[in-house]
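fold the following, please.
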Amino acid sequence: MQFVPNYELKLLDEANFETEIAKSEELLQQYKNSGSFTAFDGIKIYYEYFLCENASANAVLVHGLSEFSQKYHEQIYYLLNQGYNVFTFDLRGHGLSDRLTNQIDLLHVGKFDDYVKDLSQFIETVVIPIVDKPIYLLSHSIGGAISALYLAENGEKVQKAVMSAPCFDPVVKAVPKLVAWVFVGLNKWLKGPKKKFAFSSEFNPDVKYNIHHGSSKPRFLYNMKMRCQNPRYQTTPMSYGWVSNAFKLRSRIVKDSFIKKIKTPILLITAQNDGTVRNDAQIEFAQKCNNCKMIELEGVTHAVFATDNDTMRKMLECVYDYLG
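Down below sits the predicted model:
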């Protein structure tokens, strides 16, 4: 069954968001296909895909830290109406995919290259065999770092990429990064990579909304509702191994020799008031990458997909104009 696009950018009404997102979810369920594939190390990776009539391309979504496929159903609904097939999966250790520890809420990964292997396998064994059309890679936060690592080795598979607030370098607030790096490395060695990072917070179902969560309170509340209803959506604290891997990203991704490998055209969206990832790493990447166009969202925090409708519309118009 294929979705019939209307080729209009009509955003869900924030004043009636809960009602409208419920209607769009009900509609999406009619077109959703889901399954799982077995990754290189034997764990199961959950995926979803949606097909539309006369699709021009396959949009492959790579979500961010502590996220999951269902969080992006609003964006999937918009993409379908623009005439794109949409494919997405839950990163290992997230959502409905298998965990790498016995703690369902703990975020851990052996190496970030494992995320890249999963993305490559997803595209090769799920996306291309189902519909062999041009691939557009859309990502957010840590998904942007995964996408950059993928593009450096597999760029010929992807025609265009969009990176929203990519995590090329996480913000460290309490202490100098070098101090944090030594602390994490020492504890990773002493306690083991799968132990919870001491300063990593737990999921809080009673968290109160503030502007850090995005300029759209209804979108924040809906995301919290999903997370409260499903324990597998409550992944929040990170392991020492995960944090250690994140600290290494900038030295890999912003290196000249690495960026020269990327041939895919990229639209990089940076959030002016991002307090989660460092904008200067994104700017440095964009300046070094000849194929990268960067736009800044003024007054926006890291929660790019939880903005108000005016901001969301401006951003999506840029994205869809770029994709063509």
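
tell me the secondary structure at S24.
Under DSSP: H, G, I helix; E, B strand; the rest coil, S24 falls in the helix class.

need the contact list for the residue lying closest to it once chain neighbours are set aside.
Nearest residue to S24, sequence neighbours excluded (C-beta to C-beta, 6 or more residues apart in numbering): Y77, at 4.7 Å. C-betas here are computed from N, CA, C, even on glycine. Taking C-beta atoms under 8 Å, 6 or more residues apart in numbering, we find Y77 in contact with S24, L27, L28.

which among the residues you listed count as buried?
S24, L28 (16 or more other C-beta atoms under 10 Å).

hang on, the residue nearest to S24 in a helix?
Yes: according to three-state DSSP, Y77 belongs to a helix.

distance of it from S139?
18 Å (C-beta to C-beta, to the nearest Å).

ok, back up a step: how much space between the residue nearest to S24 and A22?
12 Å.

any idea which helix or strand comes after the lowest-mean-pLDDT helix or strand in the chain?
Least confident helix or strand of the chain, by mean pLDDT, DSSP states H and E, is helix 177-191 with a mean of 88. Per DSSP states H and E, the first helix or strand lying C-terminal to helix 177-191 is helix 217-229.

only the buried residues of that next one, if you could.
For helix 217-229, a neighbour-count test (16+ other C-beta under 10 Å) marks K217, P218, R219, F220, Y222, N223, M224, R227 as buried.

go on, stretch 246-264?
A246, F247, L249, R250, I253, V254, F258, I259, I262, T264.

now the two most distant members of those.
F247 and T264 (25.8 Å; C-beta to C-beta).

about what we covered before: in helices only, show me the buried residues of stretch 246-264.
A246, F247, L249, R250, I253, F258, I259 (DSSP state H).

what's the closest of these to S56?
Distances from S56 to those, taken by C-beta to C-beta, are shortest for I259, at 28.5 Å.

so the closest one sits against C289, correct?
Yes: with contact defined as C-beta atoms under 8 Å, I259 reaches C289; the gap is 5.0 Å.

kindly export the helix or strand M315 falls within (C-alpha atoms) in CSV.
In this assignment (DSSP H and E), M315 forms part of helix 309-323. Output of helix 309-323 as CSV, limited to C-alpha atoms (Å, rounded to 0.1, in the frame of the first residue of the first chain):
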residue,chain,number,x,y,z
ASN,A,309,5.7,26.1,13.4
ASP,A,310,7.2,29.3,12.0
THR,A,311,10.7,28.1,12.6
MET,A,312,9.9,24.6,11.5
ARG,A,313,8.4,25.8,8.2
LYS,A,314,11.5,28.0,7.4
MET,A,315,13.8,25.1,8.1
LEU,A,316,11.8,22.5,6.1
GLU,A,317,11.4,24.9,3.2
CYS,A,318,15.2,25.1,3.1
VAL,A,319,15.5,21.3,3.3
TYR,A,320,13.0,20.5,0.6
ASP,A,321,14.3,23.2,-1.7
TYR,A,322,17.8,21.7,-1.3
LEU,A,323,16.6,18.2,-1.9
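
run the angle between that helix and helix 217-229 for me.
80 degrees (axes from the mean of the first three to the mean of the last three C-alpha atoms, to 10 degrees).

need the CA coordinates for stretch 200-211. CSV is fine.
Provided in CSV are the C-alpha atoms of stretch 200-211 (Å, rounded to 0.1, in the frame of the first residue of the first chain):
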residue,chain,number,x,y,z
SER,A,200,25.0,11.1,33.1
SER,A,201,21.4,11.7,34.2
GLU,A,202,18.5,9.2,34.3
PHE,A,203,15.2,9.5,32.5
ASN,A,204,12.9,11.9,34.4
PRO,A,205,9.2,11.4,33.5
ASP,A,206,8.4,14.5,35.6
VAL,A,207,10.7,16.9,33.8
LYS,A,208,9.2,20.4,33.3
TYR,A,209,9.2,22.0,29.9
ASN,A,210,11.7,24.9,29.2
ILE,A,211,13.0,26.6,26.1
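
buried residues in it?
F203.

so how far is it off the chain centroid?
Relative to its parent chain, stretch 200-211 has a centroid offset of 19 Å by C-alpha atoms, centre = their mean, to the nearest Å.

ok so V175 is a strand residue?
No: looking at V175 with three-state DSSP, it is coil, so not inside a strand.

quickly note the distance from it to F183.
8 Å.

which of the residues in the least confident helix or strand of the chain are buried?
For helix 177-191, using 16+ other C-beta under 10 Å, the buried residues are A180, W181, F183, V184, N187, K188.

who does that helix touch, helix- and strand-wise?
helix 240-247 (3 or more C-beta pairs under 8 Å, 6 or more residues apart in numbering; DSSP states H and E).

and the pLDDT for the closest residue to A306 other than its chain neighbours?
Leaving aside its sequence neighbours, A306 sits nearest to G214 (C-beta to C-beta, 6+ apart; 2.8 Å). pLDDT recorded at G214 is 93.
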